[in-house]
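Student: Provide a 3D model corresponding to the input given below.
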Amino acid sequence: MNISINDTKAVRLRIEKINRYSENFIKFVKKLPTYIPDKGIIAGPRRFYRNEPYELWNELKEEEMFWGIDNCHFPINSSFLSIGYTGIIKKASLDNPEFSREQLEFLAAIKRVYEAATEYIHRHELEAEIKAKASNGLEKQNFLFIADNCRHLCENAPGSFAQAVQLFWFTWRLRGLFTSSIGRLDQYLYPFYKKDVDNGILTREKALEILCELWEVFNEAGTGDTLKNLMLGGVNEEGKDAVNELSYLMLEASIKMRMPEPHLNVRLHSNSPQDFIKKTVELQLIGQGQPTIYNDDVLIPALINYGIPKKSARNYSNDGCTELVIDGESGIFFEQMEAMKSFELTLFNGKENDNIPIEPFIKKWTHRMTESKVKTRLKLGYKSGDLTKMDSFDEIYDAFLKQYFYQTDIMLDNICSEIKRLKENEVSSLFLSGAFPLCLEKAEDPLRGGFNIECYQLLSGSITTVADCLAGIKKIVFEERYCSMKELLEAVGNNFEGQEVLRQKLLNVPKFGNDDDFVDTIAADIARRFCEHVLKYKTPNGKSIWPGLYNIDFATFAKILGATPDGRKAGDPIAEHFSPTPGRAKNGPTAVIRSAVKAPLYLGFASSPIHITLSRDSIPMDQTGRFILMNLLTTSLKLGVDVLNIAIYDSEILKQAKIYPERYGDIVVRVWGFNARFVDLTEELQDHIIARIISKN
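Tutor: Below is the predicted model of the structure:
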């Protein structure tokens, strides 16, 4: 490795990382076992998890990103399907005399990484040939088919639908040790599908069979919070509807397989085909919380309004959960604001409620995970005002906003510090970088110009529970004058011990999700103020940080909260995203939608999902259920909901599944931005999901 003495220390360190990361990738791939299925046509590894006895993983597991920075939350660029690994190697082989030493080292490392990946595919070719020699009949033909596909991919770009699916799987699986987001797969694969169908070498039925196999291997690669989000439909770069035959087939594959993976998402707009919407509703009717709906008519104009080029905005997808990314053009970095914790600090003038566990432990989503300590990331001690000395609700509200935006500004500054650190000190995954054309063209790391779009986000969910709390104060303290602010604070500080009458009165104050302006207007105002506050803030290069009304850690945040003036006790659930607090929506799903759209959801364009969980007894598996879902979906889109998830469960079956998990292993539920088997979840999340269910139609 040649490093110029004229290079800065930061450059020298980055070059060292470039070479170390490429060496680690190559070492890992050389030791990685091959996998040829006995049935099916998709070769390649299924899962790389920590419980697997890979010697190299055990050796390097302490270094979390041992082959480069990649949080795996955004789709990789699909250029590898059009030019193949050989095309990437060729582009990375160019020696431009104007490139710096770092740029040349960057390209050379990408070349080595993709040569190693190609060699790995070649090993599958050889293994399939060995299996073919030991077989006969259809089994032999199948192994030879796999060998031929792998041989072709070692030398060329994919030439058929089956080869494109195979290269997609190798690429998706080799990208990271855990997993990653998928993106607009119906758009990536459609040219190969259409060519094969037009040439008479592929039928619709065979394509569905291949997709079902792909769905199966996705599930073999792990289920749960796996980031495997796949986006269908929407418009293309010209603004025309992009639904194609694969969009339908992928919906059909999910309907047929009824598995947790992949997590399906659908983009709809005013010109979406009615048949496509009906097929989407058919999948929703199963009740597993798939697919999540994205509203092009709201999200695309919002992205354009804040500086995203029109063609790029039209090509948005989602990350490993529900946050927006620009497919194949951006990464993503996000932070979460603890809105409810900000409210708690407001109650106690910069201090936490004393009535919460000291350093509580929690498992993030599944009972199989190890417990970790949880504490707030907010800065304690900021005095936003003594609420007991305030004479009006407006003063209380202003104190909350003061505390909330103080904490928000700290988080925004942290994001900018992280941007600076990443740009100066870190190196992206070489395998990831090689798939982005701009990285190869400019010989620039994605962190330093290899992405077209910068995507930094600040997300704040549970605002709706904050609104419930503020409504409780407004009603009980200032309108009914049932108690003083001091008495209320003493009650929440003592977790309502001996104050059950007061708690019940607070529980009966109007709650968000019931189409009641008393509380909905508070939630809408906080949402507007938060989004506008974030959008006014600029990164060092003058870009906006994307705001969202969203949080993935609502269960974690709830565990570090004491009792609150909405009537909840310490540790009880808080709302996820911009949805009602679990158990508080009593007037049916339409009321939830009407509450939500009072807020300017378009301002929270990073992601502002509404979760609606319905009871199976109100949505039967027949034409009536389809009619109800179709009306709910179309009404939501027309009213301006930008992201909507609808799930349907039988609460009694879920309660039985908690008691007898061995009998109900096939129940799939929506958690936050992913689907999982209900029996895999922690008890806290199981209870949260049951409490979401809206029984009234």
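Student: mind listing the strands for the stretch 251-400 of the chain?
Tutor: Ranges of strands in the stretch 251-400 of the chain, per DSSP state E, counting those that start in this stretch, are 263-268, 292-295, 316-318, 324-326, 333-336, 361-362, 372-373.
Student: List just the one of the ones you listed that sits closest to Ile646.
Tutor: strand 292-295 (7.8 Å; C-beta to C-beta). Using the backbone N, CA and C atoms, a C-beta is placed for each residue, glycine as well.
Student: The helix or strand where Phe25 lies - contacts with which helices or strands?
Tutor: Per DSSP states H and E, Phe25 falls inside helix 9-31. Packed against helix 9-31 by the contact rule (3 or more C-beta pairs under 8 Å, 6 or more residues apart in numbering; DSSP states H and E) you find helix 55-60, helix 101-133, helix 393-425, helix 430-434.
Student: Mean neighbour count, mean pLDDT and distance to Ser392 for the strands of the stretch 251-400 of the chain - can I get that in TSV?
Tutor: Output for these, formatted as TSV (neighbours: other C-beta atoms under 10 Å; pLDDT from 0 to 100; distance: least, C-beta to C-beta, whole Å):
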stretch	mean neighbour count	mean pLDDT	distance to Ser392
strand 263-268	27	98	44
strand 292-295	26	98	38
strand 316-318	27	98	42
strand 324-326	26	98	39
strand 333-336	19	95	31
strand 361-362	15	85	38
strand 372-373	10	88	39
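Student: What strand or helix carries Phe170?
Tutor: Going by DSSP H and E, Phe170 is in helix 161-175.
Student: Any stretches of this protein with poor pLDDT?
Tutor: 1-6, 48-66, 695-697 (pLDDT under 70).
Student: most remote residue from it's center?
Tutor: Taking C-alpha atoms, centre = their mean as the measure, the residue most remote from the mean C-alpha position of the chain is Asn136, 44.6 Å away.
Student: Look up phi and psi at that residue.
Tutor: phi -150, psi 170 (degrees, to the nearest 10).
Student: measure it to His124 for me?
Tutor: Using C-beta to C-beta, to the nearest Å, Asn136 is found at 21 Å from His124.
Student: Repeat that for Ile396.
Tutor: Ile396 is 65 Å from His124, by C-beta to C-beta.
Student: neighbour-wise, which of those two wins?
Tutor: A count of neighbours by other C-beta atoms under 10 Å puts His124 above the other of Ile396 and His124, at 24 against 21.
Student: Correct me if wrong: the more buried one contacts Pro45.
Tutor: No - counting by C-beta atoms under 8 Å, His124 does not reach Pro45; the two are 9.8 Å apart.
Student: Tell me where the stretch 501-650 of the chain has helices.
Tutor: Taking DSSP state H, counting those that start in this stretch to define them, one finds helices in the stretch 501-650 of the chain at 517-536, 554-559, 589-596, 623-639.
Student: okay, those in a markdown table with mean neighbour count and distance to Tyr294 next?
Tutor: Converted to a markdown table, the helices of the stretch 501-650 of the chain look like this (neighbours: other C-beta atoms under 10 Å; distance: least, C-beta to C-beta, whole Å):
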| stretch | mean neighbour count | distance to Tyr294 |
| --- | --- | --- |
| helix 517-536 | 20 | 18 |
| helix 554-559 | 22 | 21 |
| helix 589-596 | 23 | 15 |
| helix 623-639 | 16 | 10 |
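Student: Can you check which of these gets nearest to Ala207?
Tutor: Here helix 623-639 is closest among these (C-beta to C-beta), at 25.7 Å.
Student: can you list residues touching both of His124 and Pro45?
Tutor: Residues touching both His124 and Pro45 (C-beta atoms under 8 Å, 6 or more residues apart in numbering): Tyr35.
Student: who are the neighbours in contact with the residue nearest the centre of the chain?
Tutor: With distances taken as C-alpha atoms, centre = their mean, Cys321 lies nearest the centre of the chain, 1.2 Å away. For Cys321, the contacting residues are His73, Leu227, Asn229, Ile552, Ser607, Trp672, Gly673, Phe674, by C-beta under 8 Å, 6+ apart.
Student: Cool, thanks, signing off.
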